[in-house]
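>>> curious how this folds, go ahead:
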Amino acid sequence: MDHHLQRSHAFLPFIFFLLLRTIPRPSNGEVGTAAQYSPPFLPTACYGQDPDQFPSSNLFAAAGDGIWDNGAACGRQYLVKCISAEDQETCVPDQVIQVRIVDFALTTVSSPTYDGTTMVLSDTAFETIANFTADSINIEFQR
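A predicted model of the protein is given here:
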């Protein structure tokens, strides 16, 4: 084999490695749904009447049955992004928020806009990532 040809073949694994690094990888997040709820928020299943449970940003949520984990979800932080909804112009593109779980969706004081979702976001959290007129959205989330 020609010496120059052998030398160029030696670079093929390196070029292949570089190409693999540029391919977008799937996210590590999970996919679910979210609704929204408005005040009153107290008492919560996690922290009762304590007003200090809410982050100053008002970005918090109630955990749906699927992530509640018998109350172990209390205090967990999740990154949440709207990925789709019934109306195509609902999601705020590329907007990601961090929410803190403070309640259980099945026992919130105020009713969510849609039942059976993965999370029920505070009205502030929901409106940061989606149009407030939507009843529910599809989300990507991760701890």
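>>> show me where this protein has its helices.
Along the chain, the segments classed as helices by DSSP state H run 3-10, 12-22, 65-68, 123-129.
>>> contacting residues around the shortest one?
To tie it back to what came earlier, the one meant is helix 65-68. The set of residues external to helix 65-68 that reach it, using Cβ atoms under 8 Å, 6 or more residues apart in numbering, is 32, 73, 101, 104-106, 116, 118-119. Using the backbone N, CA and C atoms, a C-beta is placed for each residue, glycine as well.
>>> same thing but at 10 Å, please
Helix 65-68 is contacted by residues 30, 32-33, 45, 61-62, 73-74, 76, 78, 101, 103-107, 116-119, 141, 143 when judged by Cβ atoms under 10 Å, 6 or more residues apart in numbering.
>>> which ones are touching the spatially closest residue to Gln36 that is not a sequence neighbour?
Distances taken as Cβ to Cβ, 6 or more residues apart in numbering put Phe126 closest to Gln36, at 3.6 Å, once the chain neighbours are dropped. When contacts are counted by Cβ under 10 Å, 6+ apart, Phe126 is found next to 34-38, 59, 61, 80, 82, 97, 99, 112-113, 119-120, 132, 134, 136-137.
>>> and what of Gly116?
Gly116 neighbours (Cβ under 10 Å, 6+ apart): 33, 35, 64-66, 105-106, 136.
>>> gap between it and Ser136?
9 Å (Cβ to Cβ, to the nearest Å).
>>> which residues touch Ala130?
Contacts of Ala130 (Cβ under 10 Å, 6+ apart): 34, 36, 81-82, 84-85, 87, 89-92, 95, 121, 136-139.
>>> correction: Thr124
Residues near Thr124 by Cβ under 10 Å, 6+ apart: 36, 38, 54-55, 57-60, 97, 99, 132.
>>> buried ones among these?
Buried members of those, counted by 16 or more other Cβ atoms under 10 Å: 36, 54-55, 59-60, 97, 99.
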